[in-house]
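Asker: pasted the sequence and its predicted model underneath.
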Amino acid sequence: MQPFTRKKAALTAPGIKQQRGIALLTALLVVSLATIIAVNITERQQYDIRRLENILYSQQAYYYAMGGESWARGILYKDGKSSSHKNTDNLLEDWAQPLPVTIIEGGTISGEIIDLTSLFNLNNLYVENIKDPSLKIRLTQQTEMFNRLLDVLEIKEPLVQAVIDWIDKDSEALSPDGAEDQNYEQKTPPYRTSNKLMSSPSELLLIEGVTAEIYEKLKPFVTALPEATTVNINTAPAEVIAALSSQLDLEKATEIVDERGTVFETNKDFIDQTSHQVSDKNKYQVEIEPLIGVSSLYFKVKSQVLIDKISSNLDSTLKRNSDGSIETISRSPGVD
């Protein structure tokens with residue numbers, strides 16, 4: 001029996017070693033899987049923590065941006081009540097001075113107030129009753145100004161009729177240069193004309209003939225306000241000044257803006273002080289008088305906040321009413 005016993009022991013020893021090896025590999029595999037799971041859980045936890053931080057920072061930044069809007073409301077209200085030029089708005093006043101980058105808890109805030117009535121109001125191209133002689137004259141004056149603005153910006157595409165068709169209430173194209181539903185229903189995807197006042201100048205991108213390049217040229221000089229407005233000559237850029245009259249060009253308008261060191265208290269002040277630039281003063285006055293003003297109702301507030309690495313930009317459109325109260329017309333994420 002002794003030889004058989006030795007043979008059995010010799011046969012089972014390698015089996016024991018093999019089992020121990022398998023157990024070791026299994027243990028290593030379990031440890032590896034546990035390590036991978038632990039690392040994955042830790043990474044996920046860190047990701048969730050960071051995401052929560054980003055959400056909190058975004059909310060904090062937004063509320064700071066709303067604080068920037070409140071800052072602007074206070075300045076505009078104070079300006080309306082205590083300005084030394086009560087009937088005018090100009091670039092020498094406090095509201096026109098930007099809020100520099102200011103340190104706040106966890107980040108910075110900056111902002112500026114822009115006079116929207118220093119720009120061409122696209123909604124001026126709409127009149128309720130085209131058969132009313134006075135409204136028809138006003139529409140003609142506005143279309144001529146818009147066409148002059150296109151010329152100043154070297155935009156050759158005839159756009160005015162397409163813009164009017166976009167905001168008027170009918171479905172008939174005004175001319176071969178116009179565009180109504182039949183033009184837009186052929187696009188991919190198809191859409192229809194708005195047939196109401198524009199809520200944002202970005203609607204221009206939907207209008208027939210307006211390319212991205214044309215829009216970028218127009219964007220700094222146009223706005224879309226809920227009522228007819230005149231151009232504030234105390235704040236308007238040279239390009240808009242040049243569009244006010246057929247007797248002005250960008251060079252003359254730039255000279256007017258460069259010399260705008262004093263405040264124009266009335267339209268007459270502006271006409272008297274700029275008429276040396278033109279050849280026909282009577283025509284100049286008739287042409288420019290209905291288009292201009294010296295005060296403003298609508299302003300855009302641009303607030304920029306940075307918290308940690310999270311930024312929040314807010315654009316708010318404000319209206320200053322005749323009683324001095326400030327009304328928020330719209331808010332949107334700032335994109336520039």
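Answerer: On my side now, so go ahead. Numbering: from 1, shown residues only.
Asker: helices of this structure, start to end?
Answerer: Applying DSSP state H to the chain gives helices spanning 2-82, 133-152, 160-167, 181-184, 212-218, 238-242, 250-258, 267-274, 281-288.
Asker: the third one vs helix 133-152, what angle?
Answerer: When you say that, I think you mean helix 160-167. Using axes from the mean of the first three to the mean of the last three C-alpha atoms, to 10 degrees, one finds that helix 160-167 and helix 133-152 are set 120 degrees apart in direction.
Asker: distance from helix 160-167 to the middle of the chain?
Answerer: Counting by C-alpha atoms, centre = their mean, to the nearest Å, helix 160-167 is centred 21 Å from the centre of its parent chain.
Asker: can you list the helices and strands that that helix packs against?
Answerer: Under the contact criterion of 3 or more C-beta pairs under 8 Å, 6 or more residues apart in numbering; DSSP states H and E, helix 160-167 touches helix 133-152. C-beta: built from backbone N, CA, C; applies to glycine.
Asker: between the helices of the chain, which one is nearest to Gly334?
Answerer: Gly334 lies closest to helix 2-82 among the helices of the chain, at 8.4 Å (C-beta to C-beta).
Asker: before we move on, the earlier item: worst average pLDDT in the helices of the chain?
Answerer: Mean pLDDT is lowest for helix 2-82 among these, at a mean of 78.
Asker: need the pLDDT of the closest residue in space to Pro226 that isn't next to it in sequence.
Answerer: Residue nearest to Pro226 in three dimensions, not counting chain neighbours: Leu197, with 6.4 Å by C-beta to C-beta, 6 or more residues apart in numbering. The model reports Leu197 with a pLDDT of 95.
Asker: re the thing from before, for the helices of the chain, could you give me a markdown table that also reports distance to Gly106 and mean neighbour count?
Answerer: Output for these, formatted as a markdown table (distance: least, C-beta to C-beta, whole Å; neighbours: other C-beta atoms under 10 Å):
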| stretch | distance to Gly106 | mean neighbour count |
| --- | --- | --- |
| helix 2-82 | 7 | 12 |
| helix 133-152 | 43 | 17 |
| helix 160-167 | 44 | 23 |
| helix 181-184 | 47 | 16 |
| helix 212-218 | 34 | 14 |
| helix 238-242 | 40 | 23 |
| helix 250-258 | 40 | 16 |
| helix 267-274 | 46 | 17 |
| helix 281-288 | 50 | 16 |
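Asker: residues in contact with the residue nearest to Pro226?
Answerer: Asn123, Tyr126, Ile167, Ala224, Pro226 (C-beta atoms under 8 Å, 6 or more residues apart in numbering).
Asker: the third one and Asn124 touch, don't they?
Answerer: No. At 10.1 Å, Ile167 does not count as touching Asn124 under the criterion of C-beta atoms under 8 Å.
Asker: quick one, which of the contacts of Leu197 are buried?
Answerer: Asn123, Tyr126, Ile167, Ala224 (16 or more other C-beta atoms under 10 Å).
Asker: most widely separated two among the residues you listed?
Answerer: Tyr126 and Ala224, at 10.7 Å, using C-beta to C-beta across those.
Asker: quick one: the strands in the stretch 201-336 of the chain?
Answerer: According to DSSP state E, counting those that start in this stretch, the stretch 201-336 of the chain carries its strands in the segments 222-223, 231-232, 292-293, 298-307, 310-320, 326-333.
Asker: show the average pLDDT along the first one.
Answerer: Which is strand 222-223. Strand 222-223 shows a mean pLDDT of 98.
Asker: likewise the third one?
Answerer: Model confidence over strand 292-293 averages 96 on the pLDDT scale.
Asker: same thing with the fourth one?
Answerer: Strand 298-307 comes out with an average pLDDT of 95.
Asker: for that strand, what is the distance to the chain centroid?
Answerer: Distance of strand 298-307 from its chain centroid, counting by C-alpha atoms, centre = their mean, is 10 Å.
Asker: hang on, Glu157 packs against Glu213?
Answerer: No. Assessed by C-beta under 8 Å, Glu157 is found out of contact with Glu213, at 10.1 Å.
Asker: so what's Gln247 up against?
Answerer: Residues in contact with Gln247 (C-beta under 8 Å, 6+ apart) are Gln277, Val278, Ser279, Asp280, Lys283, Tyr284, Glu287.
Asker: just send those back as a markdown table, with distance to Asp249 too.
Answerer: Formatted as a markdown table, these follow (distance: C-beta to C-beta, whole Å):
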| residue | distance to Asp249 |
| --- | --- |
| Gln277 | 9 |
| Val278 | 10 |
| Ser279 | 12 |
| Asp280 | 15 |
| Lys283 | 15 |
| Tyr284 | 13 |
| Glu287 | 14 |
